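K.L.:
take this sequence and fold it.
(2 chains)
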Amino acid sequence: AQSVTQLDSQVPVFEEAPVELRCNYSSSVSVYLFWYVQYPNQGLQLLLKYLSGSTLVKGINGFEAEFNKSQTSFHLRKPSVHISDTAEYFCAVSTSGTYKYIFGTGTRLKVLA
Amino acid sequence: EAGVAQSPRYKIIEKRQSVAFWCNPISGHATLYWYQQILGQGPKLLIQFQNNGVVDDSQLPKDRFSAERLKGVDSTLKIQPAKLEDSAVYLCASRYSRADTQYFGPGTRLTVL
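P.N.:
Next up, the predicted model:
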């Protein structure tokens, strides 16, 4: 069975500073990996996804993530954050064929002025 | 294209009452999901439909929750009777049958008093 761990429940960071949100997964088969963002009182919006190929994935709003198979990680990064990036970020894993997502518990990113 | 629509956006009920949520997926999306997101947690899959058939309902509390997807388009999720622990955001998502990405609606926030 798959599982996802987001170790950081909250990450405060100053505006224009870089940020990394950590995601580790466990699975015995090949996986697909996703990062979603959730703004207050809204649904989840896809930031980026890894299916295959290049391990460095670029997404919307200047975010990127790197798939590391040996460390079973898929950390999300942004070189310079804005106040508007304040939101909850969820990592999810699924496997080919099921397309069933397993979500992490989320990381609340708070960007400080 | 129009996104996933859900209604109502908010609902407050007393425990032991009944409640129903409605979801209209993106046109052409054969797969539909209902998730429960409790405050501070990631979304948890309740049920997955492929067209109007159930693919996975292993985590649906069937003694009180029911869902249907008539004609393979709209879906309703019902809770009868509601308990305090059902307070959560209920998210609907849909996916095109040959794609990997799930698209989420804005959710319905349920408060059970």
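
K.L.:
make it CA atoms for all contacts and neighbour counts henceforth
P.N.:
Noted.

K.L.:
what secondary structure does the spatially most central residue of chain B sit in?
P.N.:
The centre of chain B sits closest to residue B:34, judged by CA atoms, centre = their mean, with a distance of 3.1 Å. Using DSSP: H, G, I helix; E, B strand; the rest coil, the three-state assignment for residue B:34 comes out as strand.

K.L.:
what's near enough to touch it?
P.N.:
B:45-48, B:77, B:90-93 (CA atoms under 8 Å, 6 or more residues apart in numbering or on different chains).

K.L.:
low-confidence ranges, chain B, go.
P.N.:
Residues of chain B meeting the criterion pLDDT under 70: B:1, B:98.

K.L.:
the residue nearest to the centre of chain B pairs with what?
P.N.:
In this structure, residue B:34 has beta-bridge partners residue B:47, residue B:92, where bridges are defined by DSSP bridges.

K.L.:
next one: it from chain A, what distance?
P.N.:
Between residue B:34 and chain A the distance is 11 Å, computed by CA to the nearest CA, to the nearest Å.

K.L.:
try residue B:42
P.N.:
Taken as CA to the nearest CA, the span from residue B:42 to chain A is 4 Å.

K.L.:
then residue B:13?
P.N.:
Using CA to the nearest CA, one gets 19 Å for the distance from residue B:13 to chain A.

K.L.:
can you tell me, leaving aside adjacent residues, what's nearest to that residue?
P.N.:
By the measure of CA to CA, 6 or more residues apart in numbering or on different chains, the closest residue to residue B:13 outside its immediate chain neighbours is residue B:112, 5.1 Å from it.

K.L.:
number of nearby residues for the one you found?
P.N.:
Here the number of neighbours of residue B:112 (other CA atoms under 10 Å in any protein chain shown) works out to 17.

K.L.:
same thing with residue A:71?
P.N.:
One way to gauge burial is a neighbour count; for residue A:71, by other CA under 10 Å, it gives 10.

K.L.:
ok, now residue B:61?
P.N.:
The number of residues packed near residue B:61 is 11, by other CA under 10 Å.

K.L.:
so it, which state does it fall into?
P.N.:
Taking three-state DSSP as the rule, one finds residue B:61 in the coil state.

K.L.:
any idea how far chain A is from it?
P.N.:
Following CA to the nearest CA, the distance that separates residue B:61 from chain A is 18 Å.

K.L.:
distance of that residue relative to residue A:15?
P.N.:
43 Å (CA to CA, to the nearest Å).

K.L.:
for the closest residue to residue B:91 other than its chain neighbours, grab the count of nearby residues.
P.N.:
The shortest distance from residue B:91 to any residue that is not its chain neighbour, by CA to CA, 6+ apart, is 4.4 Å, and that residue is residue B:107. Per other CA under 10 Å, the neighbour tally for residue B:107 reads 30.

K.L.:
perfect, that will be all.
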